[in-house]
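In: Take a look and give me a structure for this.
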Amino acid sequence: MDSSQRIPITLSVNGEDHAVWVEPRWLLADVLRQELGLTGTHVGCEQGACGACTVLVDGAPQRSCLIFAVQAAGHAITTVEGLTPATGLSPLQEAFQRHHALQCGFCTAGMLVTAEALIRAHGAALDEQTVREALAGQLCRCTGYQFIVDAVLDAAQGRA
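Out: Okay, here's the model as predicted:
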């Protein structure tokens, strides 16, 4: 498909509107990374199983490798870059750092985005079982999940 077969869409990403020309078959993950330069969203399995590409769509975690970019038009998309303040780290990112909740970092963006939605939904009432269930679809091959769970619970308590 040549560039003349692309269609214009507007994506609202991290509070900013982006007019982009896309092929209808392009995945949201690819458009975020290649067209918008938001490389924090990682692409792992390309089948929705690993969770590395998770973004928030209208506040809910979604696998961006399973959504066409054209489907995301008109929705509010938040990537890991959108969780990070202009300076420093977010309280959730600081908790991940404090609890050594990451190793190589490949899964971290998906973990952070999923955890952010979880904390927004539950706040300080968040419990370990709920965190474990929510993160069950986020695969990490480098570490156990205990430090990640600890970091999410710590960040949730900070929002009380």
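In: and this protein, what are its domains?
Out: Domain ranges of the chain: 3-82, 91-158, per automatic domain parsing.
In: Next, format those domains as CSV and append mean neighbour count.
Out: In this view, the C-beta of every residue, glycine as well, is placed from N, C-alpha and C. Shown next, in CSV, are the domains of the chain (neighbours: other CB atoms under 10 Å):
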stretch, mean neighbour count
domain 3-82, 18
domain 91-158, 18
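In: Nearest residue to Cys104 in space, please, no chain neighbours.
Out: Excluding the flanking residues, the one nearest Cys104 by CB to CB, 6 or more residues apart in numbering is Cys142, at 5.1 Å.
In: rewinding a little: what would the domains of the chain look like in CSV with mean pLDDT?
Out: Below are these laid out as CSV (pLDDT from 0 to 100):
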stretch, mean pLDDT
domain 3-82, 95
domain 91-158, 93
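In: what element comes up after the lengthiest helix in the chain heading to the C-terminus?
Out: Secondary structure of the chain per DSSP state H: the longest helix is helix 108-122. Going down the chain from helix 108-122, the next helix or strand is helix 128-134, by DSSP states H and E.
In: ok now the helix or strand just after that next one, how far from the chain's centre?
Out: The C-terminal neighbour of helix 128-134 among helices and strands, as given by DSSP H and E, is helix 146-158. When distances are taken as CA atoms, centre = their mean, to the nearest Å, helix 146-158 is centred 17 Å away from the chain's centroid.
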